[in-house]
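Asks: Fold the stuff below for me.
(one chain, ligands or ions: 2)
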Amino acid sequence: MSTATPPVTPRAHVLVAVKELHVAKTRLSGVFDVADRTGLVLSMLRDTLTVVRDVDSVVGVTVVTPDAAVARLARSVGAHVYADPTSTPVEGSVDEQGSEGDQGEHGLNAALAAAADHVRKNEQGVDVVALQADLPSLRRDEFGEALAAARTGGRSVVVDHHGTGTAALFSCDPSVPLDPQFGPGSARRHLESGARPLHGHWPGLRTDVDTADDLDTARALGVGPATRAALDAATPIAASPGGKS
Ligand SMILES: Nc1nc2c(ncn2[C@@H]2O[C@H](COP(=O)(O)OP(=O)(O)OP(=O)(O)O)[C@@H](O)[C@H]2O)c(=O)[nH]1
Ligand SMILES: C=C(OP(=O)(O)O)C(=O)O
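Replies: Ligands and ions are numbered 1, 2, ... in the order given. The predicted structure follows:
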């Protein structure tokens, strides 16, 4: 009789954080007005979530946000919603909301850490991933390969295409906190805090869009259908007569 331990089927829960839309993508304010920036953020989020939810080992996706429109989009593509514990609650019912106690920490990393704790409390043994929300060129096979590479243990990171930011942060050991340290220069912080760099040719996964140059890079790689439609509908400021602001 075999005494071999059956292989553990990989199970990952992906966290995607999005701030209030009206203050999103400020680095694109010279290219698009706030309406087009909002449309672009939502379309990139839709494309990112649509790819990720179809990856075999992904058993759940949670969008971490204080924004009601972002929450509605998340639910429309089958994601859960976790309201930022550090900002005004999302209108209407949310799946979960950070407690008042989280008010002591602020911003993105507090929100992601709180959401990761919540997911791990409810889904024993699941791997947790913090993934950027602005990956319009992300491909299913890339994310599947990165997840498989992360599963070799512990906490790991996919560095972005600039070599300074973080495209994705993984913790594949329930005893290892995700410990998100996103923000400018986050790749160094994640590596210095012990995350393993994951090496793979994943251009779509590594191309998060924050600047006009990033957008050109993503366009060259090819973007998802929602992002393509948003870009086709947008009016770049330089192209409009008198310039929109
Ligand atoms: N839920 C949540 N998401 C955040 C917060 N701060 C930033 N984010 C998200 O984290 C990612 C990186 O944030 P930033 O680079 O600061 O914001 P951005 O909108 O991408 O771009 P800029 O405004 O040009 O800096 C984006 O997807 C943001 O929407 C926060 O406090 N809460
Ligand atoms: C937040 C980050 O990146 P960006 O500001 O480019 O979205 C990051 O790389 O940690």
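Asks: going forward, measure contacts and count neighbours with C-alpha atoms only.
Replies: Fine.
Asks: Show the backbone phi and psi for T65.
Replies: phi -160, psi 150 (degrees, to the nearest 10).
Asks: Next SSE downstream of the helix or strand that contains L205?
Replies: In this assignment (DSSP states H and E), L205 forms part of helix 203-206. Using DSSP H and E, the helix or strand that follows helix 203-206 towards the C-terminus is helix 212-221.
Asks: follow-up on the earlier one: show me what the helix holding L205 is packed up against.
Replies: On a contact count with 3 or more Cα pairs under 8 Å, 6 or more residues apart in numbering; DSSP states H and E, helix 203-206 meets helix 140-150, helix 212-221.
Asks: Among the ones you listed, which comes closest to ligand 2?
Replies: helix 212-221 (9.7 Å; Cα to the nearest ligand atom).
Asks: who touches that closest one?
Replies: For helix 212-221, contacts defined as Cα atoms under 8 Å, 6 or more residues apart in numbering pick out 28, 31, 136-137, 203-204, 207-209.
Asks: What about these, which one has the most neighbours?
Replies: Of all those, the highest neighbour tally under other Cα atoms under 10 Å goes to P136, namely 32 neighbours.
Asks: Secondary structure of that residue: a helix, I assume?
Replies: No. Using DSSP: H, G, I helix; E, B strand; the rest coil, the assignment for P136 is coil, not a helix.
Asks: What is the burial count for H22?
Replies: Burial measure for H22: 12 neighbouring residues, criterion other Cα under 10 Å.
Asks: confidence score at it?
Replies: Note on H22: pLDDT of 93.
Asks: quick one on the thing from earlier: so which of the helices and strands packed on helix 203-206 has the densest surroundings on average?
Replies: helix 140-150 (a mean of 18; mean count of other Cα atoms under 10 Å).
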